[in-house]
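In: Any chance you can model this:
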Amino acid sequence: MDDYLPWAAQCAGTAFLASSLCVAALGAVLLLVRRWPWCSCHVCRAYLTGSWARDFANLGDWYAHLLRDSPTATVHVHVLGCTVTANPANVEYMLRTNFDNFPKGAAFAALLGDLLGRGIFNVDGGAWRHQRKMASLELGSVAVRSYAYKIIAQEVEACLLPVLADAAGTGAVIDLQDVFRRFAFDTICKISFGLDPGCLDRDMPMSELADAFDTATRLCAMRGAAASPLLWRAKRLLNVGSERQLRKAIKLVDELAAAMIRERRKLGVAGSHDLLSRFMASSAENNAADDDDTYLRDIVVSFLLAGRDTVSSALTTLFMLLSKNPAVAAAMRAEAAGGGDDPVTYDRLKGLHYTHAALYENMRLFPPVQFDSKFCAGDDVLPDGTYVAGGTRVTYHPYAMGRMPRIWGADHDAFRPDRWLTGPGGAFAPESLYRYPVFQAGLRVCLGKELAVTEMKAVAVAVVRAFDVEVVGEGGSAACAPKFVPGLTASISGGLPVRIRRVRN
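Out: You can find the predicted model right below:
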């Protein structure tokens, strides 16, 4: 009898635990059934089954097809709880007219919160206004712009061009996407943090931070593509699969960002023009509590996201297009040659209208950020008549908008820089940002736009003057129809293999 009682208690405890687990599992199933946005329409069925991939290389191409066929250039993807639009009137309504009803929202913040924290790209309200005001003051200053251009010019001459010259000398095939990503990472680290990771050194070391950042952005993007947030939330709770990988990557990002902050403090911030130093100094002058390491870590990650992947993505697709359009490359080379063989100054760079047009035309077809989402705070009706319930994700799609005949005409799929030029001198004429939201628009328009365009133009001019770039291989990128890796910014699957040749004078 004495032996029986402990055994009975143990059995009762096991039974209670088992029943508790069953109840929890049943609750999870019921929640999944209640929350899962079941839908059998052709759009949702194609998304869930992946059947769209039979006809389209990329999800963005499928969306562009759907939006071209829609009378309003707007479609619903019910299984994602998402409304997708390529209608400029809707974009202006979201980003300017009724801005307050279309914040980033808590759902978006949850998707990217582990990586971006409370950085400017992941917050609304007062936190966003404060960071935007500080970033606007810093990025708009003459001292910072002069400092940044000096770094860009030095990095191009001392690091990028020698790497390409080596490839031209040996005849080796190189991955130009990888080269541009390394260049952009080194440049943004110098401009933003005053530190040089040396990714374009002759032995081409790969920064641990860059590698971890790539993994983290890719896995965060996978969260947004899930048919239900319950899927990735469950994996995060159990620490399995992609969420386990993401946690490891973000841990490494945190450690290396902290090391950068410590190094910046050790070097001192007084008199430094890098952005991190200026944020530190500004916070100290205002007696703000924002100079804590968590805040600074979020600043570091935000600058990396804004300054590396977007620039390298745009440069990669530009040279992919120039390889197939040698007449455009020749026109850019002729324009740059107008000032002789001397290095291109900042003022001269601003006067290269055709190069500017080629860059914008490239980003029309291949925007570095292919789509952007907001969450509708309260029930609303978009200008095209589309009803949007409160809590719905609303996505505007620059990639699809660049492929809309109603915006760009019948030749929307042609790479034609002169569509951006007007007047006798062929001056660059910008399009409305609501028709071309590559840099967002309205109150959230990209503060680093001018710096990014300057960097892209400086690289494009330097490379075109010295080299011909030929995309090789039989892949989609060689035919200017690349397949992109899912991510927060556009990245070509398999890279961009090229052969570099020196220009013959």
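
In: low pLDDT regions in the stretch 351-500 of the chain?
Out: By pLDDT under 70, the low-scoring segments of the stretch 351-500 of the chain are 474-479.

In: Ramachandran angles for residue 433?
Out: Per-residue torsions, residue 433: phi -60, psi -20 (degrees, to the nearest 10).

In: wait, doesn't it sit right on residue 446?
Out: No. Assessed by C-beta atoms under 8 Å, residue 433 is found out of contact with residue 446, at 9.7 Å. Just so you know, the C-beta spots here come from the backbone N, C-alpha and C atoms, and that holds for glycine as well.

In: overlap in contacts of those two?
Out: Residues within reach of residue 433 and of residue 446 at once, by C-beta atoms under 8 Å, 6 or more residues apart in numbering, are 439-440.

In: Sketch out the low-pLDDT regions of the stretch 151-300 of the chain for me.
Out: Along the stretch 151-300 of the chain, segments meeting pLDDT under 70 span 202-207, 227, 283-291.

In: can you give me the strands for it?
Out: Taking DSSP state E, counting those that start in this stretch as the test, the strands found in the stretch 151-300 of the chain are 173-175.

In: With the stretch 301-450 of the chain instead?
Out: If DSSP E, counting those that start in this stretch is used as the criterion, the strands of the stretch 301-450 of the chain fall at 372-375, 380-381, 387-388, 393-396, 421-422, 427-428.

In: what's in contact with the last one?
Out: Identification of contacts with strand 427-428 by C-beta under 8 Å, 6+ apart yields 353, 356-357, 360, 420-421.

In: ok, now with 7 Å
Out: Residues outside strand 427-428 that contact it (C-beta atoms under 7 Å, 6 or more residues apart in numbering) are 353, 356-357, 420-421.

In: May I see the ChimeraX selection of the buried members of those residues?
Out: A single ChimeraX command is used to select the members of the contacts of strand 427-428 judged buried by 16 or more other C-beta atoms under 10 Å:
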select :353,356,357,420
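
In: got the contacts of strand 427-428 as CSV, with distance to residue 213 columns?
Out: Shown next, in CSV, are the contacts of strand 427-428 (distance: C-beta to C-beta, whole Å):
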residue, distance to residue 213
353, 35
356, 29
357, 32
420, 32
421, 37
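
In: Just name the closest of the contacts of strand 427-428 to residue 189, please.
Out: Nearest to residue 189 among the contacts of strand 427-428 is residue 356, at 26.2 Å by C-beta to C-beta.

In: what's the burial count for residue 440?
Out: 18 (other C-beta atoms under 10 Å).

In: Please, where are all the strands along the stretch 1-150 of the chain?
Out: Taking DSSP E, counting those that start in this stretch as the criterion, the stretch 1-150 of the chain contains strands spanning 74-77, 82-85.

In: which one of the ones you listed is the most hemmed in?
Out: strand 82-85 (a mean of 23; mean count of other C-beta atoms under 10 Å).

In: Could you give the average pLDDT over that one?
Out: Mean pLDDT, strand 82-85: 96.

In: Tell me which other helices or strands that strand touches.
Out: With contacts taken as 3 or more C-beta pairs under 7 Å, 6 or more residues apart in numbering; DSSP states H and E, strand 82-85 sits against strand 74-77, strand 393-396.

In: residues in contact with the last one?
Out: Strand 393-396 is contacted by residues 80-85, 90-91, 94, 102, 107, 371-376, 388, 437 when judged by C-beta under 7 Å, 6+ apart.

In: for stretch 347-358, same thing?
Out: 328, 331-332, 335-336, 339, 417-418, 420-421, 426-428, 454, 457-458, 460-461.

In: likewise stretch 303-321?
Out: Here stretch 303-321 makes contact (C-beta under 7 Å, 6+ apart) with 121, 176-177, 180-181, 184-185, 188, 192, 213, 275, 359, 362-363, 366, 368-369, 415, 448, 452, 455-456, 459-460, 469, 471, 477, 480, 482, 488-492, 496.

In: Report the backbone C-alpha coordinates of that stretch in PDB.
Out: The C-alpha coordinates for stretch 303-321 follow below in PDB (Å, rounded to 0.1, in the frame of the first residue of the first chain):
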ATOM      1  CA  PHE A 303      21.900  52.900 -41.200                       C
ATOM      2  CA  LEU A 304      23.200  49.500 -42.400                       C
ATOM      3  CA  LEU A 305      19.800  48.600 -43.900                       C
ATOM      4  CA  ALA A 306      19.400  51.900 -45.600                       C
ATOM      5  CA  GLY A 307      22.900  52.400 -46.900                       C
ATOM      6  CA  ARG A 308      24.200  49.100 -48.000                       C
ATOM      7  CA  ASP A 309      21.600  46.800 -49.600                       C
ATOM      8  CA  THR A 310      19.700  49.600 -51.500                       C
ATOM      9  CA  VAL A 311      22.900  51.000 -53.100                       C
ATOM     10  CA  SER A 312      24.400  47.600 -54.000                       C
ATOM     11  CA  SER A 313      21.000  46.400 -55.400                       C
ATOM     12  CA  ALA A 314      20.600  49.400 -57.700                       C
ATOM     13  CA  LEU A 315      24.200  49.300 -58.900                       C
ATOM     14  CA  THR A 316      23.900  45.500 -59.700                       C
ATOM     15  CA  THR A 317      20.800  45.900 -61.800                       C
ATOM     16  CA  LEU A 318      22.100  49.000 -63.500                       C
ATOM     17  CA  PHE A 319      25.200  47.200 -64.900                       C
ATOM     18  CA  MET A 320      23.000  44.200 -65.700                       C
ATOM     19  CA  LEU A 321      21.000  46.500 -68.000                       C
END
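
In: count of neighbours near residue 48?
Out: Neighbours of residue 48 under the rule other C-beta under 10 Å: 15.

In: quick one: pLDDT of it?
Out: For residue 48, the pLDDT comes out at 89.

In: Any figure for the gap between it and residue 56?
Out: As for residue 48, its distance to residue 56 is 16 Å (criterion: C-beta to C-beta, to the nearest Å).

In: Repeat that for residue 262.
Out: 47 Å.
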